[in-house]
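1. Okay, predicted coordinates and the sequence, questions at the end:
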Amino acid sequence: MKTLLMTAVAAAALTGLAMAAAPAIHDLTVDVPGGGLAHIRYSGDVPPQVNFVRVPQTALPAGFFAPSPFAEMARISAMMLTAISAGVLLPM
């Protein structure tokens, strides 16, 4: 019985030491520009510095978006009809 009690005390002591050695986790809540919140978790005594950098938005070029798939099918169909009427086979 005495051995069991000593084992339990030793296990509790080791658990306490392990918990004391583990770094404390802190939570930091920051307001984000444009609305919303950022939740940052860190360990240690010094909180992290959080900076927000505004990135200029650029306009997209005119041909950036892919054309409609139906317009692409119409273009291919027109090419095929032109080739058929000319009697020429086009490589695909």
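-> That came through fine.

2. Contacts only, for residue 29.
-> By C-beta atoms under 8 Å, 6 or more residues apart in numbering, the contact set of residue 29 is 37-40. Quick note: C-beta positions are derived from backbone N, CA and C, even for glycine.

3. how near is it to residue 36?
-> 11 Å (C-beta to C-beta, to the nearest Å).

4. Am I right that residue 82 sits in a helix?
-> Yes - counting by DSSP: H, G, I helix; E, B strand; the rest coil, residue 82 is located in a helix.

5. Just the pLDDT for it.
-> Note on residue 82: pLDDT of 84.

6. what's the distance between it and residue 37?
-> 59 Å.

7. out of these two, which sits in the busier spot?
-> Shown here are residue 82 and residue 37; by other C-beta atoms under 10 Å, residue 82 has more neighbours (11 against 8).

8. could you point out which element follows the lowest-mean-pLDDT helix or strand in the chain?
-> Here the helix or strand of the chain ranked lowest by mean pLDDT, DSSP states H and E is helix 2-21, holding a mean of 61. The helix or strand immediately downstream of helix 2-21 is strand 25-31, counting by DSSP states H and E.

9. Pull the following helix or strand past that next one out as PDB, backbone CA atoms only.
-> For strand 25-31, the succeeding helix or strand toward the C-terminus, using DSSP H and E, is strand 37-43. This file holds the C-alpha atoms of strand 37-43, laid out as PDB (Å, rounded to 0.1, in the frame of the first residue of the first chain):
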ATOM      1  CA  LEU A  37     -11.300  40.200 -35.800                       C
ATOM      2  CA  ALA A  38      -8.100  38.200 -35.900                       C
ATOM      3  CA  HIS A  39      -7.400  35.800 -33.000                       C
ATOM      4  CA  ILE A  40      -3.700  35.300 -32.500                       C
ATOM      5  CA  ARG A  41      -2.300  32.700 -30.000                       C
ATOM      6  CA  TYR A  42       1.200  33.100 -28.800                       C
ATOM      7  CA  SER A  43       3.500  31.800 -26.000                       C
END
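
10. for strand 37-43, which positions count as buried?
-> Within strand 37-43, no residue counts as buried by 16 or more other C-beta atoms under 10 Å.

11. any idea which element residue 78 lies in?
-> Secondary-structure assignment from DSSP H and E places residue 78 in helix 69-86.
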